[in-house]
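Provided below for reference: sequence and predicted model.
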Amino acid sequence: MSAYATMNRAELAEEYQSLSDAFAAYKARGLSLNMARGKPGAEQISLSNGMFGVVTPETNFKTEDCPDIRNYGNLYGIIEARRLFAEIMKVDPENVFVGGNSSLNLMFDTIACLMKQGAGGKPWNKQEKLKFLCPSPGYDRHFGITEYFGIEMIPVPMTKTGPDMDIVEKLVSEDATIKGIWCVPKYSNPQGITYSDETVRRFAALEPAAKDFRIMWDNAYIIHDINDTPDQLLNIFDELKKTGKEDMVFEFCSTSKITFPGSGVAAVAASKGNLQLINNRYTYTTIGFDKINMLRHVLYFKNVEGVMEHMKKHREILEPRFQIVTSMLSKELSGLDIASWENPNGGYFVSVDVEEGCAKRVVALCKEAGVVLTGAGATFPYGNDPKDSNIRIAPSYPPVEELQIAMEIFCISVRLAAAEKYLAQ
């Protein structure tokens, strides 16, 4: 296939007509397919069905530090659950707080803590101006939390090794109103990029002008590998110990994409001082999270090795889906110079950059043919993709046969939008 930029007008017109005919045929099928959000499919969720029967009266409803998990107490979570998350995140159990089912909830509440209490200084909501760095493309729900609290968002470009650290270092060292940064350090949402060792070390060595600067380290895909060449992420807390800046990071993870998205367990790892901030808030909102669910997870997995064996089953389901996406992109779009994409080794998304000015058109065309995608612009603060080019594909939820059709429609839509653009020029 020839690159669109090298085609003459007659060739482009012929290409456009051929694509239009193919698109019309798909549209006539009345399809209803969804690749909008990174939800585990039914097959993945069913992997954990055996968890339902593990907590019984025979377990005596006891843990090492809780005489009866059915009752109040244990605000930081049962010790067995704290140990399990500590193994996953490679931190000390005493630095782990285990909450409810949602790490997003923990992130929101952490920002709320900082707004109300501050971090060793004036509460954030008592300060005149607040800003947050937002590596982009990034996770739309991070941006939503920041916008909810009225914090100004500053986009930072992503590179192949993580956020552009030259920009991050310059901004945080010069501007005391910059209070934090969002990070998805392993298999970033949406690009699937894992931060390099150098990037992690530079984060740990930051010299922020704001002494209450915090890094929101959302390690959502910490063990979500999908092939034999998984990425390796340097442990940021090991690096923080070297720089003496353990207070600078909150790390989050959950079992939402390991067991049940709506009934998992979430955790945050942080310094004792940072955990005290969280404790100060939750003391007034709950007398303890769902300890029965915590014990259910502990008894089912037993240890981190049990969790990793479980993740191999997820990989068996996800790997073919990612292969469909990347192979279709390569087959239909390679050589045309109208799209680029990442081939991630894990996570839940494939990020595609289409012709500048065409992302919204591609999403609209897909919707017209019955394929729902995440809205164009969602991966940038305020929904504003300055190039209108990034699109996030979520392969996990549709059945394989539907995913194949959805990708055929996606690729035709990318080509059709690009052909329209070049013809208009």
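Noted; the coordinates are in hand.

just checking, what packs against the helix or strand of the chain with the lowest mean pLDDT?
Between all helices and strands in the chain, the lowest mean by mean pLDDT, DSSP states H and E belongs to strand 33-35, at a mean of 90. In terms of contacts (3 or more C-beta pairs under 8 Å, 6 or more residues apart in numbering; DSSP states H and E), strand 33-35 is packed against strand 371-373, helix 400-424. Placement of C-beta: from N, CA and C, glycine included.

try 10 Å
strand 371-373, strand 390-393, helix 400-424 (3 or more C-beta pairs under 10 Å, 6 or more residues apart in numbering; DSSP states H and E).

what about Tyr148, how many neighbours?
For Tyr148, the count of nearby residues is 11 (other C-beta atoms under 10 Å).

Next: the one 5 residues further on.
Applying other C-beta under 10 Å, we find 20 residues neighbouring Met153.

got the buried residues for stretch 109-121?
For stretch 109-121, a neighbour-count test (16 or more other C-beta atoms under 10 Å) marks Asp109, Thr110, Ile111, Ala112, Cys113, Leu114, Met115, Gln117, Gly118, Ala119 as buried.

before we move on, back to that, sheet-wise, list the partners of the least confident helix or strand of the chain with their directions.
strand 371-373 (parallel) (DSSP bridges).

Can you tell me what sits against the partner strand?
26, 31-37, 352, 359, 362-367, 391-394, 398, 402, 405-410, 413 (C-beta atoms under 10 Å, 6 or more residues apart in numbering).

closest one to Lys126 among the helices and strands packed on strand 33-35?
strand 390-393 (36.1 Å; C-beta to C-beta).

List the neighbouring strands of the closest one plus their orientation.
Using DSSP bridges, strand 390-393 pairs in its sheet with strand 350-354 (antiparallel).

starting at the chain centroid, how far to the helix or strand following the partner strand?
In the C-terminal direction, the helix or strand that comes right after strand 350-354 (DSSP states H and E) is helix 359-368. Relative to its chain's centre, helix 359-368 lies at 23 Å (C-alpha atoms, centre = their mean, to the nearest Å).

How is this protein partitioned into domains?
Structural domains annotated on the chain: 4-44+308-424, 61-302, as defined by automatic domain parsing.

helices and strands around the helix or strand where Lys331 lies, which ones?
Lys331 is part of helix 304-333, with elements assigned from DSSP H and E. Packing partners of helix 304-333 (3+ C-beta pairs under 10 Å, 6+ apart): helix 42-46, helix 79-89, helix 291-301, strand 339-341, strand 350-354, strand 390-393, helix 400-424.

again, only this time at 8 Å
With contacts taken as 3+ C-beta pairs under 8 Å, 6+ apart, helix 304-333 sits against helix 42-46, helix 79-89, helix 291-301, strand 339-341, strand 350-354, helix 400-424.

So which bits of it are buried?
304, 307, 310-311, 314-315, 317-318, 321-322, 324-326, 328-329, 332-333.

Tell me which entries of the buried residues of stretch 109-121 lie within strands.
Secondary structure assignment by DSSP state E places none of these in strands.

could I get those residues as a markdown table with pLDDT?
Output for the buried residues of stretch 109-121, formatted as a markdown table (pLDDT from 0 to 100):
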| residue | pLDDT |
| --- | --- |
| Asp109 | 97 |
| Thr110 | 97 |
| Ile111 | 98 |
| Ala112 | 97 |
| Cys113 | 96 |
| Leu114 | 97 |
| Met115 | 97 |
| Gln117 | 95 |
| Gly118 | 93 |
| Ala119 | 91 |
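
What does the pLDDT read for Val172?
Note on Val172: pLDDT of 98.

residues contacting it?
Val172 sits next to Leu133, Ile178, Ile181, Leu206, Glu207, Pro208, Ala209, Ala210, Phe213 when contact means C-beta atoms under 8 Å, 6 or more residues apart in numbering.

what secondary structure does the first one sit in?
This points to Leu133. Put simply, Leu133 is strand when judged by DSSP: H, G, I helix; E, B strand; the rest coil.

Contacts only, for the closest residue in space to it that isn't next to it in sequence.
Once flanking residues are discounted, Leu133 sits nearest to Ile181: 3.9 Å by C-beta to C-beta, 6 or more residues apart in numbering. By C-beta under 8 Å, 6+ apart, Ile181 lies in contact with Phe132, Leu133, Cys134, Pro135, Val156, Pro163, Val168, Val172, Ile215, Met216.
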